[in-house]
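Enquirer: from the sequence below, what's the structure:
(one chain, ligands or ions: 1)
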Amino acid sequence: MLCKAAVLSAVGLLSVLFYKYVLEPLRLQRKASLPPGPPGHWLFGNALPGPYAYRQYANLISEYGPVISLRYGRRIVCIVGRYQAAVDILVKHSAETMDRPRAVAAHEIMSGGLRVVLTGEGDRIKRLRRALHAFLQPKVAETYKEMQAKNARTYVLDCYHTPGEHMEHAKKYAASVVISMTYGKTTPTSYSDPEVQIVNRCLRRLGAALRPGAHLVDTYPFLQYIPGYTSQLRKYHQEELSFFRSQIANVKSQLARGEAESCFAAHLLREQQNLQLSGDEVAYLAGAMFGAGSDTTASSLAIVSMAAALFPEAQAKVQAQLDQVIGRERAPTFDDEADLPEVTAFFLEASRWRPVASGGFAHRATKDIVWKDYVIPVGAEIVGNHLAIARDPEVYPDPETFNPQRWLDANRRLREDLKFFTFGFGRRICVGQHVADNSLFINTALTLWAFNVSQNPSAPIDPDAFTDEALIFPQPFSVSFTPRIDGLLEVLKEGSD
Ligand code: HEM
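Expert: Okay, here's the model as predicted:
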């Protein structure tokens, strides 16, 4: 009797697996309405892309059209690679594309389901984003400007003293700003600080877990129930959680002593009831700020320096405006922003030329989405490929050329009608975009005002040498920072008093 039941359960299980992993992929394969894409194996679908996937996808967009579809086993992935298609699919359908695909290893196990950037549609993401908005919306972002300007001056001084370490200085700037905002730490944060090293270790593990094909449990979630199979991933989660909890505990005791600086963690603790957040949601939300805001900003600053060195004529145009508006007796500040459209145009173009989130972050369709003659089926992953969109020749003519002037109108003012998706799409757009834009403005203005940034003739820059990660970073490169201001150190010091 027992034996018969066991056989029946085994047959039942095999039928379910056969349907899920053989019949369902075939059904999806036959769906004539999917956007076009390269042919794949009848059962397994397309081969995983290998290194520099974001470049390969951008090439497929040039070959097959603005939206392509690929199939990896049961997963359908649609890549959106042109501006208007991104507006049509990811902006106009933002309610149906705000979900994230399931990430068993990276999110459910390694992050305990708590990491904001990987959280799917539902009540939790609404609560988390509401809490983030309250702290990062444009009006509140204004209040960080003074701290950002102070750190930007330190960045310029650091580049002056040790130009060979300019990328470390960019990382120090970004880490200092985000840690000051999050935990209220006011002293500069070095990348070698133990706390930063712990967060970076966790982020590296996360990045590795997010690589397609990294963990079999993502394809076969039932594996997580095999005792011991995911114990390493669970250990990583415990390590990260206890670190995030310890940071919150520090702020809690500062609050109890009445010594807490005004910061995101203090705000979350004070408003925890209203925001309806659990203790661990608070810990992870604060911890996630570093992951989301640090390397993104640091990489963007390094790309600005790279572009300045590679394109001296574009740099000179910004400096001409800086000389005219600011002169050389004082340093630019946030108050000058409206009068310095060349500065903004320069960093907007740098962010388009080498988009930090080149591959884009995956969204997931919660309904069938009709686009032109195609249907993106419910459950499909939708990824806006920033690199391909940045190369859309209809929106950015001559897209390979670095040309900040494309962002300005005939009156040399910033164009209202030209946009790029540096910060992503729809209801998952980056919540830190205002803080990030402020960082880019003040650092670009101060750096190009203070220095002529140039290539080192003995070490020419390779403009394509970038890391192969979810957030791309330039490979180390050398630049010279030649002061253009007499008494630079004194002028910088005067403004900061
Ligand atoms: C130049 C710097 C930055 C860039 C290029 C950038 C880019 C992005 C992108 C592309 C996304 C994903 C959007 C999508 O899914 O479509 C994102 C999400 C996010 N960003 Fe940023 N970001 C930057 C700075 C920051 C900063 C400074 C913070 C916080 C202080 C921040 C916090 C976040 C958070 C919390 C999310 C997750 C939002 C969600 O999944 O709902 N970012 N960012």
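
Enquirer: use CA for all of it now, contacts and neighbours both
Expert: Fine.

Enquirer: contacting residues for the closest residue to the ligand within the stretch 201-350 of the chain?
Expert: In the stretch 201-350 of the chain, the residue found nearest to the ligand is Gly293; the distance is 3.4 Å by CA to the nearest ligand atom. Gly293 is in contact with Ala174, Val178, Gly432, Ala436, counting by CA atoms under 8 Å, 6 or more residues apart in numbering.

Enquirer: contacting residues around the nearest residue to Leu408 once chain neighbours are set aside?
Expert: Counting by CA to CA, 6 or more residues apart in numbering, Leu414 is the residue found nearest to Leu408 once chain neighbours are left out, at 4.5 Å. By CA under 8 Å, 6+ apart, the contact set of Leu414 is Pro341, Ala345, Trp407, Leu408.

Enquirer: would you check that the second one makes contact with Gln405?
Expert: Right, Ala345. Yes. Ala345 is within contact range of Gln405, at 6.8 Å (criterion: CA atoms under 8 Å).

Enquirer: for Glu307, what are its contacts?
Expert: To be clear, residue 307 is Ala; Glu isn't right here. Here Ala307 is in contact with Ala350, Phe402 (CA under 8 Å, 6+ apart).

Enquirer: err, Val479, not the other one
Expert: Counted by CA under 8 Å, 6+ apart, Val479 has contacts Pro163, Gly164, Ser305, Met306, Ala309, Val453, Ser454, Gln455, Asn456.

Enquirer: how far away is it from Ser458?
Expert: With distances taken as CA to CA, to the nearest Å, Val479 is found 10 Å from Ser458.

Enquirer: helix or strand next in line after the lowest-mean-pLDDT helix or strand in the chain, which one?
Expert: Within the chain, no helix or strand scores below helix 24-30, which has a mean of 54 by mean pLDDT, DSSP states H and E. Per DSSP states H and E, the first helix or strand lying C-terminal to helix 24-30 is helix 53-64.

Enquirer: for that following helix, which positions count as buried?
Expert: For helix 53-64, the neighbour count (16 or more other CA atoms under 10 Å) marks Ala53, Tyr54, Arg55, Tyr57, Ala58, Leu60, Ile61, Ser62 as buried.

Enquirer: please work out the average pLDDT along that helix.
Expert: Regarding helix 53-64, the rounded mean pLDDT is 97.

Enquirer: for that helix, packing partners?
Expert: Packing partners of helix 53-64 (3 or more CA pairs under 8 Å, 6 or more residues apart in numbering; DSSP states H and E): strand 67-72, strand 75-80, helix 386-390.

Enquirer: enumerate the residues of the stretch 101-250 of the chain near the ligand.
Expert: The stretch 101-250 of the chain comes close to the ligand at residues Val116, Val117, Val178, as judged by CA under 6 Å from any ligand atom.

Enquirer: switch to 5 Å and redo it
Expert: Residues of the stretch 101-250 of the chain lying close to the ligand (CA under 5 Å from any ligand atom) are Val117.

Enquirer: now Pro483. Nearest residue, chain neighbours left out?
Expert: Phe451 (4.4 Å).

Enquirer: what sits against the one you found?
Expert: Phe451 neighbours (CA under 8 Å, 6+ apart): Phe481, Thr482, Pro483, Arg484, Ile485.

Enquirer: where does pLDDT dip in the stretch 351-497 of the chain?
Expert: Counting by pLDDT under 70, the ranges of the stretch 351-497 of the chain that qualify are 495-497.

Enquirer: returning to what we had before: any idea how far the residue nearest to Leu408 lies from the ligand?
Expert: To the ligand, Leu414 is 19 Å away according to CA to the nearest ligand atom, to the nearest Å.

Enquirer: how about the strands in the stretch 251-400 of the chain?
Expert: Counting by DSSP state E, counting those that start in this stretch, residue ranges of the strands within the stretch 251-400 of the chain are 362-364, 369-371, 374-376, 381-384.

Enquirer: count of neighbours near the residue of the stretch 101-250 of the chain found nearest the ligand?
Expert: The ligand sits closest to Val117 of the stretch 101-250 of the chain, with a gap of 3.4 Å, by CA to the nearest ligand atom. Counted with other CA atoms under 10 Å, residues neighbouring Val117 total 18.
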